[in-house]
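S.K.: Fold the stuff below for me.
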Amino acid sequence: MQNEQELRDLLYEKMCNEQENFIEKLKHSTPEEIISASYEKVMRDDILMLFEGDFLDAKQIKELLRLEYPLSACYNEWLKNDCSYMDNNIISRIRNIIEDNIFKDKNKNSTTSPVYYVNSELGGIKDITITNF
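M.R.: Residues are numbered from 1 along each chain as shown. Sure, this is the predicted structure:
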């Protein structure tokens, strides 16, 4: 009987081989097919990176090992919910860029330190109040 770490290693190796085969297939694809598959390649890499950790127990690992293509299964499941990637990460990064630029612009013309109050709604900044002290 294999211990949990051996199962984890076996799953990771299986998923790495699956990703290597996916990349090898891409190498023989047309430029259009490669461009079309670029998101899938990146997301599969991200998913694979998660499996370097130990977030699954032995029973869960065994279930994934039963699948012929566990990485593809994880990616296909991700596709059902991939918009959360945009909402939680990219939108907050866009807001940070805006806030940083406002801060830099105001500091160029002021000897006081501005304080920003941001009221935001999902999808955009509603309003920004800038107060200098």
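S.K.: in which helix or strand would I find Leu71?
M.R.: Element membership for Leu71 (DSSP states H and E) is helix 70-79.
S.K.: can you pull the buried residues of that helix?
M.R.: Residues of helix 70-79 classed as buried by neighbour count (16 or more other C-beta atoms under 10 Å): 70-72, 74-75, 78. C-beta coordinates here come from the backbone N, C-alpha and C atoms, glycine included.
S.K.: which one in these is the model shakiest on?
M.R.: Across the buried residues of helix 70-79, the smallest pLDDT goes to Trp78, namely 87.
S.K.: any idea how far the residue lying closest to Leu67 once chain neighbours are set aside is from Leu7?
M.R.: Using C-beta to C-beta, 6 or more residues apart in numbering and skipping residues adjacent in sequence, the residue nearest Leu67 is Ala73, 5.1 Å away. From Ala73 across to Leu7, the span is 17 Å (C-beta to C-beta, to the nearest Å).
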